[in-house]
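> Build me a structure from this.
(chains A, B and C)
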Amino acid sequence: MLKGRHLIDPMDFTLEELNEVFNLADQIIACPEEFAHTCEGKILATLFYEPSTRTRFSFEAAMLRLGGKVLGFSEPNSSSAAKGESVADTIRTVACYADIAVMRHPKEGAPKVASMYSDMPVINAGDGGHQHPTQTLTDLLTIKTVKKSLSNQTIGLCGDLKFGRTVHSLIKALSRYENNKFVLISPNELKIPDYIRREILQKNNIEFVEVERMEEVIDKLDILYMTRVQRERFFNEEDYIRLKDSYILDGEKMKLAKDDMIVLHPLPRVNEISYEVDLDPRACYFRQAKYGMFVRMALIAKLLGVK
Amino acid sequence: MLKGRHLIDPMDFTLEELNEVFNLADQIIACPEEFAHTCEGKILATLFYEPSTRTRFSFEAAMLRLGGKVLGFSEPNSSSAAKGESVADTIRTVACYADIAVMRHPKEGAPKVASMYSDMPVINAGDGGHQHPTQTLTDLLTIKTVKKSLSNQTIGLCGDLKFGRTVHSLIKALSRYENNKFVLISPNELKIPDYIRREILQKNNIEFVEVERMEEVIDKLDILYMTRVQRERFFNEEDYIRLKDSYILDGEKMKLAKDDMIVLHPLPRVNEISYEVDLDPRACYFRQAKYGMFVRMALIAKLLGVK
Amino acid sequence: MLKGRHLIDPMDFTLEELNEVFNLADQIIACPEEFAHTCEGKILATLFYEPSTRTRFSFEAAMLRLGGKVLGFSEPNSSSAAKGESVADTIRTVACYADIAVMRHPKEGAPKVASMYSDMPVINAGDGGHQHPTQTLTDLLTIKTVKKSLSNQTIGLCGDLKFGRTVHSLIKALSRYENNKFVLISPNELKIPDYIRREILQKNNIEFVEVERMEEVIDKLDILYMTRVQRERFFNEEDYIRLKDSYILDGEKMKLAKDDMIVLHPLPRVNEISYEVDLDPRACYFRQAKYGMFVRMALIAKLLGVK
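Coordinates of the predicted model:
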């Protein structure tokens, strides 16, 4: 039962619970009109202590398309936090007005604290560099829908694998399904943290390789998950110049890939995927944004217990 | 008849009119679903020239729960005021789009000016340190609902009684009902202004005492209304150190209070009520926030003339 | 057919298409309740990279009064643009969540670029000093409704005719109708640009005069369109002092005007129209704001293809 639950960490839900959400998302995708009144009379509060237009829009559109209503703030300075109020008090007050809340906060753990004081469900929409569970749900639903399965996939993860929370959560999440293999593509300085390598991959006997160049491995991949490499992250300029093109996906590299490989990206992108790739039918990142809305619709309906 | 009226000053309504609002609020509390379409087709404009998340949320939730819609701004810089437009012009333009407006403004009197130029009802949601009439309605509805009467109460008001507009308005409002007594608890520097003492209390022969320490009087109270004392308000550091604990309500002090005393607070609190008090059934400040939404629902419906 | 179209430039629509919009606006004005569910299930995204409360309110009210819903941002800093995302990517992502978008942007051409990448209709709500097509629609609908015709009018345009995009667009738009004459009232420094004079007026053999003082010509006008003259625009202080009163419309000047002349202004005004004029029945600028909402209702419904 997901009714009344919170979603703070991407691993909060069991595989069965995730399936419950994905199955509802499938039904919504198949016939959105049937859900146009599912949340009638319900209010979602969007508490963005840090701006994130994309994530906020996705949640608000999800609630509005379910027939619910939305109130919130999108900037820290218009919030009561400016008056020194604790997150615990804020969430208890907001619970007087709303039925479910989404919180984005620059401090790790703030949404967790909020959930401990809240009678209504709280969804973590990103807490610092920590967690962003609905991005993981989005990634999983996209893979499940486009590749028809969350198992037996060879997933390439490319870019900054050291600091990218999205990537860490996705590795953890996909490690729970059978027979997935990971191809980790990054400069040496930006390899995945040791705890992921040991505690998740090695401990569970999951096959993985670590490489520096996308060209070497792109032909093996079922899924290519792109993220950005920031110039500042490199230790020295020579490395940056030598490697930077390896982390930019373009039409040339796409020629090396399988016909049914899909390209994902959490967005926003800067220049790590060339615009020419957008026209390739294997480019799925905008569709992924759409699945992000659908999975949030399913999540909200489940936590409110109206479906 | 409240249809088409404004609410600028907490004393704008007669006792009969207040009762009309409270009676409707009672009906809404009893069965909110019955009012889910009361304001269908109506738009509330929230004009916050100064941020106040809590007040804005309360009004927006009120309108949304009545089936109405909301547009507005929550920050001064996104408003036309930045272009030098007068409040008179702004309200007349907003009246082209909306059916009722709520205004918060850092300048005293701005909502009054707006109301003079407006064909639609204008509600003052706080003008500088001046008035905040819906907070007073909130306080009254909470007392009326929890204590069953607005008369025959001994009300303790604790904290900064000099600058707190909430406190001044509540004294004025409760002075209109029979046989209420006030216990004014504050440091010497922060006693209620003389005009309240003379024009409201003494003139109407209302019983009151002024004390410095909560411990001395808490056992006599039916209602304890807490507000914050800011360190900067004290004239000297010794007084602050000597007195500060007297203005913090904790479990120890609650032991001295009557079993049916209720604790109110306009929120946000900082540290003037210990978290341990939250679990005490006599702590009513979060319930008070909820009554704030209900009384605003009743007010909006009455001013729009739809109930 | 306007379904699926964008509106970027005031001249994007043919006269027939404009008529289609105006006819629907007429029907909405006559019976707004009939359109209260026209956009049910649709979402409007308001993307304001530059604040403009009035324009945003007008669009949001339009969508809400059609039964649709709204999400958006009203400030640049809460947008993904802050993360370096291109307008092309933003609009494609927003199109995952919304059905139609309104964009205001400080850079000329940004809404045009957005429209090139967007599957959903994009409406330009002002791009720098460039275009603001729904203001022009507002002006035309107001004239058509109040003066009963868009032809055979003598239109005075007063103020800063050099930099005012509103004025340029209105001249172009009214030049498409028969037998209109223009009276251009401005200081020498702020006369209309040469390309308007030559490419629009002279090329189409349209009658016009250019004068410095409103008093000389106000008695000839059917329509007086006021805009502001900013002191900084004058080359020298003497000119400013000599002329400034000629660009302020007051009760005295209104006495010289025809009984059925109407006064328009895109708002916000600062001091170019005296408050005493507001009470004159010929003052139409607040009514004009209301027509702005109605014409946007018609436009949204047409572009969405729901009417």
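
> Can you give me the neighbour number for the residue in the stretch 101-250 of chain A that chain C sits nearest to?
Of all residues in the stretch 101-250 of chain A, A:Arg228 sits closest to chain C, at 9.6 Å by C-beta to the nearest C-beta. Quick note: C-beta positions are derived from backbone N, CA and C, even for glycine. Look at A:Arg228: counted by other C-beta atoms under 10 Å in any protein chain shown, it has 20 neighbours.

> Now do the SS call for it.
Following DSSP: H, G, I helix; E, B strand; the rest coil, we place A:Arg228 in the coil state.

> Nearest residue to it in space, ignoring adjacent ones along the chain?
Spatial nearest neighbour of A:Arg228, excluding adjacent residues (C-beta to C-beta, 6 or more residues apart in numbering or on different chains): A:Glu272 at 5.0 Å.

> thought that neighbour was touching A:Tyr247?
Yes - contact criterion C-beta atoms under 8 Å: A:Glu272 and A:Tyr247 qualify, at 6.1 Å.

> Which one of those two is surrounded by more residues?
Between A:Glu272 and A:Tyr247, counted using other C-beta under 10 Å, the more crowded position is A:Tyr247 (22 against 18).

> follow-up on the earlier one: please report how far the residue nearest to A:Arg228 lies from A:Asp160.
10 Å (C-beta to C-beta, to the nearest Å).

> tell me, what's touching those two both at once?
Both A:Glu272 and A:Asp160 are in contact with A:Thr227, A:Arg228, A:Val229, where contact means C-beta atoms under 8 Å, 6 or more residues apart in numbering or on different chains.

> mind listing what A:Asp89 touches?
Neighbours of A:Asp89 in contact, by C-beta under 8 Å, 6+ apart: B:Leu267, B:Pro268, B:Arg269.

> how near is A:Phe235 to A:Glu189?
From A:Phe235 over to A:Glu189 the distance is 5 Å, taken as C-beta to C-beta.

> okay, those two: which has more neighbours?
A:Glu189 (15 against 11).

> Next one, pLDDT for the more buried one please.
In this model, A:Glu189 is scored at 86, pLDDT.

> how about the helices in the stretch 151-300 of chain A?
A:165-174, A:194-195, A:237-243, A:251-256, A:285-304 (DSSP state H, counting those that start in this stretch).

> what's near enough to touch the residue nearest to A:Arg228?
Taking C-beta under 8 Å, 6+ apart as the definition, contacts of A:Glu272 comprise A:Gly159, A:Met226, A:Thr227, A:Arg228, A:Val229, A:Tyr247, A:Ile248, A:Leu249, A:His265.

> Show the backbone phi and psi for the closest residue to A:Lys244 other than its chain neighbours.
Excluding its sequence neighbours, the residue lying closest to A:Lys244 (C-beta to C-beta, 6+ apart) is A:Val229, at 7.3 Å. Backbone torsions of A:Val229, given as degrees, to the nearest 10, read phi -110, psi 120.

> quick one: least confident of the shared contacts of A:Glu272 and A:Asp160?
Minimum pLDDT across those falls on A:Val229, with 82.

> So which of the helices of the stretch 151-300 of chain A is the most surrounded?
Of all those, helix A:285-304 has the most neighbours on average by mean count of other C-beta atoms under 10 Å in any protein chain shown, namely a mean of 24.

> Does chain C have contacts with it?
Yes - Helix A:285-304 reaches chain C (C-beta under 8 Å from any C-beta of the partner chain) through A:Phe286, A:Ala289, A:Lys290, A:Gly292, A:Met293.

> CSV please, covering those and showing pLDDT.
CSV is the format used below for the residues of helix A:285-304 next to chain C (pLDDT from 0 to 100):
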residue, pLDDT
A:Phe286, 97
A:Ala289, 97
A:Lys290, 98
A:Gly292, 98
A:Met293, 98
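
> In those, find the pair that's most separated.
With distances taken as C-beta to C-beta, the most widely separated pair in the residues of helix A:285-304 next to chain C is A:Phe286 and A:Met293, at 11.7 Å.

> which ones are touching the residue in the stretch 1-150 of chain A that chain C sits nearest to?
Going by C-beta to the nearest C-beta, chain C is nearest to A:Ala61 of the stretch 1-150 of chain A, at 3.6 Å. Neighbouring residues of A:Ala61 by C-beta under 8 Å, 6+ apart: A:Met293, C:Ile43, C:Leu71, C:Cys96, C:Tyr97, C:Ala98.

> just curious, which of the residues you listed is nearest to chain B?
Here the nearest of the contacts of A:Ala61 to chain B, counting by C-beta to the nearest C-beta, is C:Leu71; it sits at 11.9 Å.

> what's the neighbour count on that closest one?
Number of residues near C:Leu71 (other C-beta under 10 Å) recorded here: 24.

> Quick check, it in contact with A:Val70.
Yes - with contact defined as C-beta under 8 Å, C:Leu71 and A:Val70 form a contacting pair (7.5 Å).

> which neighbours do the two share?
A:Glu60, A:Leu64.

> Show me the least confident stretch of the helices of the stretch 151-300 of chain A, going by mean pLDDT.
Among the helices of the stretch 151-300 of chain A, helix A:237-243 carries the lowest mean pLDDT, a mean of 79.

> rewinding a little: among the contacts of A:Asp89, name the ones in strands.
Using DSSP state E, no member of those falls within strands.

> filter these by proximity to chain A?
Answer for the contacts of A:Asp89 near chain A (C-beta under 8 Å from any C-beta): B:Leu267, B:Pro268, B:Arg269.

> out of those, who's nearest A:Asn124?
B:Pro268 (22.6 Å).

> Spit out the residues that contact A:Phe286 and A:Met293 alike.
C:Cys96.

> So what's the residue count around the residue of the stretch 101-250 of chain A found nearest chain B?
The nearest approach of the stretch 101-250 of chain A to chain B comes at A:Tyr117, 9.0 Å away (C-beta to the nearest C-beta). The tally of other residues near A:Tyr117 (other C-beta under 10 Å) stands at 17.

> so what's it up against?
Counting by C-beta under 8 Å, 6+ apart, A:Tyr117 makes contact with A:Val87, A:Ala88, A:Ile91, A:Arg92.

> The first one touches A:Ala110, doesn't it?
Yes - with contacts defined as C-beta under 8 Å, A:Val87 counts as touching A:Ala110 at a distance of 5.3 Å.

> Strands of the stretch 51-200 of chain A, start to end?
A:69-73, A:100-105, A:122-127, A:154-158, A:181-185 (DSSP state E, counting those that start in this stretch).

> Output these as CSV; include the columns mean pLDDT and distance to A:Leu2.
Output for those, formatted as CSV (pLDDT from 0 to 100; distance: least, C-beta to C-beta, whole Å):
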stretch, mean pLDDT, distance to A:Leu2
strand A:69-73, 96, 21
strand A:100-105, 97, 12
strand A:122-127, 96, 12
strand A:154-158, 98, 27
strand A:181-185, 98, 29
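
> in chain A, which helix or strand is least confident?
helix A:237-243 (a mean of 79; mean pLDDT, DSSP states H and E).

> Only the C-alpha atoms, please, for that one, written as PDB.
Taking C-alpha atoms only, helix A:237-243 is exported to PDB below (Å, rounded to 0.1, in the frame of the first residue of the first chain):
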ATOM      1  CA  GLU A 237      43.700  21.300 -19.200                       C
ATOM      2  CA  GLU A 238      45.500  18.700 -21.400                       C
ATOM      3  CA  ASP A 239      43.200  16.000 -20.200                       C
ATOM      4  CA  TYR A 240      40.200  18.200 -20.900                       C
ATOM      5  CA  ILE A 241      41.300  18.900 -24.400                       C
ATOM      6  CA  ARG A 242      42.300  15.300 -25.100                       C
ATOM      7  CA  LEU A 243      39.000  13.900 -23.800                       C
END
